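Visitor: Give me coordinates for this.
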Amino acid sequence: MEVRDSNGSVLQEGDSVALIKDLDVKGANVTLKRGTVIKNIRLGEGSEAVQGNSDKVKGLRLKPEFLKKV
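Guide: Just a heads-up that it's a prediction; the model follows:
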């Protein structure tokens, strides 16, 4: 299954992505700001197909429509 970012670029394991909008993180009182870079992503299955770590939060699961490839 191909996972595509908000611009239609195909994402692969190990890519770096940036957020295109501010996102509230469930379970943590943190808001990830637009432009935050998530490095070394892993691809999974389902609607939240991208997994990665940011400086503030570890173990993120993100929807690809909120990301763009860096």
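
Visitor: Pull out the buried positions in the top strand by length along the chain.
Guide: Longest strand in the chain by number of residues, with DSSP state E as the criterion: strand 37-43. By neighbour count, with 16 or more other CB atoms under 10 Å as the criterion, the buried positions of strand 37-43 are 38, 41, 43. From N, CA and C alone the C-beta is placed, and that goes for glycine too.

Visitor: Who is the last one paired with across the strands?
Guide: The reference is to residue 43. Using DSSP bridges, the bridge partners assigned to residue 43 are residue 50.

Visitor: start to end distance for stretch 29-39?
Guide: End-to-end distance of stretch 29-39 (CA to CA, to the nearest Å): 22 Å.

Visitor: what does that stretch contact?
Guide: 16-25, 50, 52-54, 56-57, 60, 62, 67, 70 (CB atoms under 8 Å, 6 or more residues apart in numbering).

Visitor: could you give the mean pLDDT of that stretch?
Guide: Here the mean pLDDT over stretch 29-39 is 95, rounded to a whole number.

Visitor: So for the spatially most central residue of the chain, what's the nearest residue that isn't a sequence neighbour?
Guide: Centre of the chain computed as the mean C-alpha position; nearest residue by CA atoms, centre = their mean is residue 62, 4.5 Å away. Take residue 62 and drop its neighbours on the chain: the residue closest to it by CB to CB, 6 or more residues apart in numbering is residue 50, 4.6 Å away.

Visitor: wouldn't that neighbour be in contact with residue 65 here?
Guide: No: judged on CB atoms under 8 Å, residue 50 makes no contact with residue 65 at a distance of 10.2 Å.

Visitor: Comparing these two, which shows the higher neighbour count?
Guide: Legend: neighbour count by other CB atoms under 10 Å for residue 50 and residue 65, higher for residue 50 (22 against 11).

Visitor: Alright, calling it a day.
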